[in-house]
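S.K.: kindly return the folded structure for what I paste below:
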Amino acid sequence: MEGLKLRATKRDILGKKTRFLRRQGITPIHLFGHNLESLSLQCNTAELQRIIAQAGMTRLLSCSIEADKQPKSVFIREIQRDEISGQLLHVDLYQVQKGGKIKVDVPIILVGEAPALKEKGRSLTHGVTSLSIECLPGEVPPQINVDLSPLEEKEQAIYVRDITLSPNITLNTDLDQMVVKVSEVRVERVEEVVEEVEEVVAEVEAEAPAGEEKAEQEPAD
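M.R.: Numbers count the residues shown, from 1 in each chain. Reported below is the predicted structural model:
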């Protein structure tokens, strides 16, 4: 079976009591899927952290559950962490049907260098960061690479329609969505600001003596 291997056992501890599991280095897991009765499972936290780092949410896993004869083909559907400490709190797994297509969002990774960025005052404007696709579980790519080397001119862009995918993958993202674009950075020149300030100061200084001289010419009461 394709995919990384994850070992899990059935879990009897539920609700708030699961905090005791986490203290023992065990993470609660919930497994669900099409026509599948949801299962409460648990897994060694260190092993699960390693799997998450390697698989993310787009790579097929082979999940072996204690006492089950056959492993299950699953994806990581949701990862919950503590907002402050980053501690792994809970993971949801989704079992896929053999031979059935699934819908998943795959991240876009920018690779290479854009020749247009060699000119000063230019930057990349980012659009969509992932693509929604549909395909068989074993054909889900871990990421979609987008080469920046065709970007040679200012205002040139890459759109979803420019990305080539396998014929077995159905793309659900709007083809006119922008992925990345070379834009000109509007930088206010410091020299121009200094000149404007100097002009204002000069005008103020030129008006001040005239006012004082006029005041001296006025007769006293």
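S.K.: with adjacent residues omitted, what lies nearest to residue 39?
M.R.: residue 31 (4.4 Å; CB to CB, 6 or more residues apart in numbering). C-beta: built from backbone N, CA, C; applies to glycine.
S.K.: roughly how far does that neighbour sit from residue 80?
M.R.: 15 Å (CB to CB, to the nearest Å).
S.K.: looking at the two now, which is surrounded by more residues?
M.R.: Set residue 31 next to residue 80 and count neighbours by other CB atoms under 10 Å: residue 31 wins out with 22 against 13.
S.K.: does that one touch residue 38 like I think?
M.R.: Yes - the pair residue 31 / residue 38 is scored as a contact, 6.7 Å apart, by CB atoms under 8 Å.
S.K.: grab the most central residue of the protein for me.
M.R.: Residue closest to the average C-alpha location in the chain (CA atoms, centre = their mean): residue 129, at 6.1 Å.
S.K.: show me the contacts for that one.
M.R.: 107, 108 (CB atoms under 8 Å, 6 or more residues apart in numbering).
S.K.: how about low-confidence regions in this protein?
M.R.: Scanning the chain with the threshold set as pLDDT under 70 gives 1-3, 186-195, 197-198, 205-221.
S.K.: which parts of it are strands?
M.R.: Listed in chain order, the strands of the chain (DSSP state E) span residues 4-10, 26-33, 36-44, 61-65, 72-81, 88-95, 102-111, 122-126, 130-135, 144-147, 157-159, 170-171, 178-184.
S.K.: straight-line length of stretch 29-39, end to end?
M.R.: 8 Å (CA to CA, to the nearest Å).
S.K.: residue 17: how many residues sit nearby?
M.R.: Neighbours of residue 17 using other CB under 10 Å come to 10.
S.K.: gap between it and residue 32?
M.R.: Residue 17 is 21 Å from residue 32, by CB to CB.
S.K.: before we move on, what about residue 125?
M.R.: The value you get for residue 125 to residue 32, if CB to CB is used, is 39 Å.
S.K.: likewise residue 115?
M.R.: 48 Å.
S.K.: ok, now residue 100?
M.R.: Counting by CB to CB, the gap from residue 100 to residue 32 is 15 Å.
S.K.: got it, and residue 72?
M.R.: Counting by CB to CB, the gap from residue 72 to residue 32 is 11 Å.
S.K.: name all residues that make contact with residue 168.
M.R.: 135, 136, 139.
S.K.: can you list these in CSV and add distance to residue 53?
M.R.: What follows is these, written out as CSV (distance: CB to CB, whole Å):
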residue, distance to residue 53
135, 24
136, 25
139, 22
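S.K.: now the residues you listed in CSV, with neighbour count and distance to residue 46?
M.R.: CSV is the format used below for those (neighbours: other CB atoms under 10 Å; distance: CB to CB, whole Å):
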residue, neighbour count, distance to residue 46
135, 19, 32
136, 16, 31
139, 14, 30
